[in-house]
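Q: The following block contains a protein sequence and its predicted model.
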Amino acid sequence: MIFRKAVAVLIIFVFFLSGCATKSRTSSSVGPPLSSSLDEPEAIESVKVTPMIDVIIPVFDPGLPEDPSDYDDENIWPELRRAEANRFAYKLKEKLEATGRFGAIRVTPDSTATGDLYVLGRIEQSNGEEVEIEIEVIDISGEKWLDDSFEHEVSEAFHRDQRNTGLDPYDPVFEEAAEEIVAELDDYSTQELEELHYMADLRFGANFSESTFMQYMEEDYGVFSLVSKPSDQDPMLQRVKAIRVRDQLFVDGLQDNYAAFSQKMNESYLMWQEQSLFETQAERTASRKAIGEAVGGVLLIGLAVLSAVAGSRSNRTGSSAAGATGAIIGGMAGASLISSSFKTSEEAKVHRESLNELGQSVDMALAPQVIAFEKESVELTGDAKEQFTQWRSFLQKIYAAEQTPDVQI
C-alpha cells in the first residue's frame, strides 16, 4: 500500500515538473529576446530614390490595315479601333500612375508634346478574346528604352465571374507593360534622369528658337546629348520655362477629356468585349464546321464518282445498277453537305458583321474650347489633335510677344 502511494506521488511530481517545463518554454517564446540571444543585425536594403520623370503617352496607333478592303477580312471596325487607340493610351496612363514611380503622366494627341519619357503604343490585335499591343519607350534624348509586345487572352470564365462585373478584361496587358517600363526605369541613375528633365526644357525651347537652344545640345542621327548648360537665370531659358508651364496646364486639361471619353465608352465597350469574345468563338466554331462539311461533301462526291466508274466497268447488270444508284445517292448527299457549308459560312459572315456593327456609335470629337491668357484668347475646335496643333501655334504667338519688351506674359 505504501509502495503504491509512493509511486502515485512520484508520478504526480513528474507531471508537475513536465508542466513547469512546458510553461517555461511557452513563456520564453514571447516578448523581446535577451541581447545575448541575438545574431548580428541584417543590413537593411536601401530603396533607390529616383527623380520623378514626366511621361507622355500619345494616343495609340490604331493598327489599321493600309487597304480599307482588309477591314472585314480582319474583323476590324475602324471607328471602334480609333476609339480604342484613345482608351488604350489612357488605360496605360492609369497603370503607370498606380506604380507611383513617375511624375506627371499625360495622354497627348501625338508625340510632339514635351516630356521626359515617351511611351508609344500600337494596337496589333483586339477582338474581345485576344489583345496585343506593341510598346516602344523612348526618352527625350532619343534613346530607346524598350521595344516589346504584350498580349493577353481573355477566358470565358472572366465574364461568368460576378466579381469581375465592371472590370476591363484587358487590364492584365496594361499592367504587364507598366511593370516592364518600371523595370527599365531602375536601370538609370539619378543623374541620367535629372538630365532628361533639363533636356526637356532645352528641346521645348528649340521648338521656338532653334538657334538659341541648340547651342547647348548635339544631335547625332536623332539622338540628342548635352554639351553645356545655360545659366539658370538665363532670360531666354526663364521665358521658355514660363511658357512650358502653360503648355503643361493645357495638356493637363486634356486629361479630363481623355478620362471622360474613356468613361463615356466604358459601359458599351465592356459589353462589346464580352459579346465580341463569344462572337469570335462562335465564328471560329462555324468556320470549322463549314470546312468539315465541305470536306465531307467533296469526299462523298468522290466516292460517288468512283462508284459510278466501278459500275460502268462491271459486266453484271446488278452491279451496274448498284453503281449508278451509289453515284446518285452519293452525289445528292455530297451536294447537300456543300449547300450546308455555304449556309454555315453565311452564318459565320453574320458573326463578323455583328462584331463590326458594335463599334458604329463611337464618337471621337471633342467639344470646342476657348482659352484666355489675360488679353489674349484662342478658340480651339476639332478633334484633340487639331486642337493641340492650334494650341501650339498660339504658343508661338505668345513667345513672339515675349520678345517685345513692352509686352508681358
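A: Perfect, I can see it now. Numbering: from 1, shown residues only.
Q: Name the helix or strand for Arg82, please.
A: Using DSSP states H and E, Arg82 falls within helix 78-99.
Q: what lines up beside the next helix or strand after that helix in the sheet?
A: Remark: after helix 78-99, the chain's next helix or strand is strand 105-108, criterion DSSP H and E. Applying DSSP bridges, strand 105-108 is found paired with strand 55-58 (parallel).
Q: how about low-confidence regions in the chain?
A: For the chain, the stretches flagged by pLDDT under 70 are 1-32, 34-48, 283-366, 373-374, 402-409.
Q: Please parse it into its domains.
A: Domain ranges of the chain: 55-265, 277-357, 369-402, per automatic domain parsing.
Q: Determine the three-state secondary structure at Ile53.
A: coil (DSSP: H, G, I helix; E, B strand; the rest coil).
Q: ok, now which ones touch it?
A: Phe102, Gly103, Asp116, Leu117, Leu185, Leu193, Leu196, His197 (Cβ atoms under 8 Å, 6 or more residues apart in numbering). Where you see a C-beta, it was placed from the backbone N, CA and C, and this is true even at glycine.
Q: For it, which non-adjacent residue is spatially closest?
A: Asp116 (3.9 Å; Cβ to Cβ, 6 or more residues apart in numbering).
Q: Quick check: that neighbour vs Val137, distance?
A: 11 Å (Cβ to Cβ, to the nearest Å).
Q: Who has more neighbours out of these two?
A: The neighbour count for Asp116 versus Val137, taken as other Cβ atoms under 10 Å, is higher for Asp116 (24 against 21).
Q: can you tell me how far that one sits from Ile105?
A: 11 Å.
Q: Just give me the neighbour total for Met271.
A: 11.
Q: and Glu195, what does it touch?
A: So Glu195 contacts Ser141, Leu226 (Cβ under 8 Å, 6+ apart).
Q: Just give the number of residues close to Pro65.
A: Number of residues near Pro65 (other Cβ under 10 Å) recorded here: 12.
Q: Pretty sure it sits against Glu74.
A: Yes - taking Cβ atoms under 8 Å as the definition, Pro65 is a contact partner of Glu74 at 6.3 Å.
Q: dump the residue contacts of Ala177.
A: When the contact criterion is Cβ under 8 Å, 6+ apart, the partners of Ala177 are Leu92, Lys95, Ile133, Ile135, Phe150.
Q: Okay, and it sits in which element?
A: helix 171-185.
Q: Now the common contact residues for Asp116 and Ile105.
A: What both Asp116 and Ile105 touch, as defined by Cβ under 8 Å, 6+ apart, is the set Asp54, Val55.
Q: on that earlier part again, which among the contacts of Ala177 gets closest to Asp256?
A: Leu92 (17.5 Å; Cβ to Cβ).
Q: What is the three-state secondary structure of Glu219?
A: State at Glu219, reduced to three classes by three-state DSSP: strand.
Q: sorry, that was for Glu132
A: From three-state DSSP, the assignment for Glu132 is strand.
Q: hang on, isn't it packed against Phe150?
A: Yes - Glu132 is within contact range of Phe150, at 7.1 Å (criterion: Cβ under 8 Å).
Q: joint contacts of these two?
A: Common neighbours of Glu132 and Phe150 (Cβ under 8 Å, 6+ apart) are Val173.
Q: between those two, which one's more packed in?
A: Phe150 (20 against 17).
Q: Spell out which helix or strand contains the more buried one, please.
A: With DSSP H and E as criterion, Phe150 is part of strand 144-153.
Q: Need the contact partners of the one helix or strand Glu379 maps to.
A: Per DSSP H and E, Glu379 falls inside strand 376-380. For strand 376-380, the external contacting residues (Cβ under 8 Å, 6+ apart) are Pro368, Gln369, Val370, Ile371, Glu386, Gln387, Gln390, Trp391, Phe394, Lys397, Ile398, Ala401.
Q: that older thread, greatest separation within the contacts of Ile53: which pair is it?
A: For the contacts of Ile53, and using Cβ to Cβ, no pair is farther apart than Leu185 and His197, which are 14.0 Å apart.
Q: Many thanks, I have nothing further to ask.
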